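[1] Any chance you could fold what I've pasted below:
(one chain, ligands or ions: 2)
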Amino acid sequence: MEDEDDCPELVPMDAQPAPPGPPTPSAQQIPVTIITGYLGAGKTTLLNYILTEQHSKRIAVILNEFGEGSALEKSLAVSQAGELYEEWLELRNGCLCCSVKDNGLKAIENLMEKKGKFDYILLETTGLADPGAVASMFWVDAELGSDIYLDGIVTVIDAKYGLQQLKEEKADGLINEAARQIALADLTIINKTDLVNEEELNQVRDSVRSINGLVKIVESQRSRVELSEVLDLHSFDNKDGAKLAEKLQLVKPTGLHLDKSILTVTFEVTGDLSEEALNAFIQDLLWEKKFCNKEGEPMTVIRLKGIVSLAGKAHQVMLQGVHKLYELNETPQLWEENLHINRLVFIGRNLNKDILQEHFTSSVVLNTETN
Ligand SMILES: Nc1nc2c(ncn2[C@@H]2O[C@H](COP(=O)(O)OP(=O)(O)OP(=O)(O)O)[C@@H](O)[C@H]2O)c(=O)[nH]1
Ligand SMILES: [Zn+2]
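    Ligands and ions are numbered 1, 2, ... in the order given. I've put the predicted structure just below:
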């Protein structure tokens, strides 16, 4: 028997260091999909469905749970599904953001010792977890990053109770977790459509869209969705810069809103950017929270995406941000001569498009093109 409590072996210092940033995944890297969603939305149902329906991939599952009763139940539910490898990740009470990283890394590192035995990882987070913290750990840990890559964040929403969950006001102005999970998502699955009528379903759809102008939405009963819609999304890859550029153009800004809600703003600015000033802008926004809306409340960005033109670079550069982490990565896509359109999408709270764009244009853009 392996001792499960052993700390993972450290990789020797002279081992090949991972290149900075999340590059285009290599064939050896294993994709990880984070499955999140509010309590009872249908995450475990989705996992079980994927594990029983999908036979072309060997999938490892990591559950990240509170409370022993439900943990035991889920462990059994998942391990019925034939040959799969299960790691146990239990967060004792306390701050998720702090504990998730260490425990999560340990579970994944343990799992990676069984490398070769699986080719996809699904990670279910608890209903109350902040998936941003989980997603961040794949970026922070360079060694881990050389073994696996983040493929996408999937948020399951309860068609019946989702709206109610989204409207819950949090004490002290904290961000509503259900809304945060939608803000972070690459794909949302509106589940339990059997429990609502068309009008209710439309309302849920509209609320999801009002939070996240980028996210793809599918609907399901018992979490039965096309697997190709859930797995291999490549949401964070830089190889597909052209696809992202296209997608960013279709983003609709959102915002028929209550003060505290999360929304999407987007703008485009032509010209080349100073890389240094862009870094400073992003850090002021994500780390320092220096920008405020008209009411003087600091803007909080949960997810950030963009395609930008950096001075001196012929290739388009992809900007990805989750939580407080962000990255700039060159894509294979070349800019057209004199048509350098920077497109940015921000999902978060207290965002004011005009103020953001104004800061961006005045501090980051070097030269505005005329054509
Ligand atoms: N009516 C209906 N019930 C569903 C559907 N999908 C799942 N359920 C039920 O909803 C309950 C919760 O589903 P789970 O998959 O355990 O939800 P979860 O998100 O994993 O829940 P937690 O891990 O507790 O946060 C279970 O009783 C499911 O059988 C659906 O489409 N329609
Ligand atoms: Zn679950």
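
[2] Stretch 191-200: end-to-end distance?
    13 Å (C-alpha to C-alpha, to the nearest Å).

[3] Now the stretch 101-250 of the chain against ligand 2: closest residue?
    Going by C-beta to the ion, ligand 2 is nearest to residue 124 of the stretch 101-250 of the chain, at 5.7 Å. For glycine as for every other residue, the C-beta is placed from the backbone atoms N, C-alpha and C.

[4] where are the low-confidence patches of the chain?
    Along the chain, the parts satisfying pLDDT under 70 run over 1-27, 54-55, 63-111, 114-117, 126-129, 139-145, 238-242, 252-260, 368-371.

[5] need the residues of it near ligand 1, please.
    37, 39-45, 70, 127, 156, 191-192, 194-195, 221-223 (C-beta under 6 Å from any ligand atom).

[6] same for ligand 2: which of those are within range?
    Filtering the residues of the chain next to ligand 1 for proximity to ligand 2 by C-beta under 5 Å from the ion leaves 43-44.

[7] Quick one, which of the residues of the chain next to ligand 1 are buried?
    The neighbour count (16 or more other C-beta atoms under 10 Å) marks 37, 40-45, 127, 156, 191-192, 223 as buried among the residues of the chain next to ligand 1.

[8] Pick out the residue in this structure sitting closest to ligand 2.
    residue 44 (3.3 Å).

[9] where does that residue land in three-state SS?
    Following DSSP: H, G, I helix; E, B strand; the rest coil, the label given to residue 44 is helix.

[10] so it sits right up against residue 156, yeah?
    No - here residue 44 does not reach residue 156: they are 9.5 Å apart, not a contact under C-beta atoms under 8 Å.

[11] what's the spacing between the helix or strand encompassing residue 319 and its chain's center?
    Using DSSP states H and E, residue 319 sits within strand 315-322. Averaging C-alpha positions (C-alpha atoms, centre = their mean, to the nearest Å) puts strand 315-322 14 Å from its chain's average.

[12] Could you do stretch 214-234 as well?
    Relative to its chain's centre, stretch 214-234 lies at 14 Å (C-alpha atoms, centre = their mean).

[13] for that stretch, how far is the first residue from the last?
    Using C-alpha to C-alpha, the end-to-end distance of stretch 214-234 comes out at 14 Å.

[14] Domains of the chain: list them as residue ranges, please.
    30-66+83-229, 240-251+262-364 (the TED database).

[15] State the number of residues packed around residue 171.
    By other C-beta atoms under 10 Å, 5 other residues sit near residue 171.

[16] can you count the residues close to residue 150?
    28.

[17] who does the helix or strand hosting it pair up with?
    Residue 150 belongs to strand 148-158 when assigned by DSSP H and E. On the basis of DSSP bridges, the sheet neighbours of strand 148-158 come out as strand 30-37 (parallel), strand 187-191 (parallel).

[18] wait, isn't residue 159 in contact with residue 202?
    No - counting by C-beta under 8 Å, residue 159 sits too far from residue 202 to count as a contact (10.6 Å).

[19] out of these two, which sits in the more crowded spot?
    Neighbours were counted for residue 159 and for residue 202 using other C-beta under 10 Å; residue 159 has more, 25 against 11.
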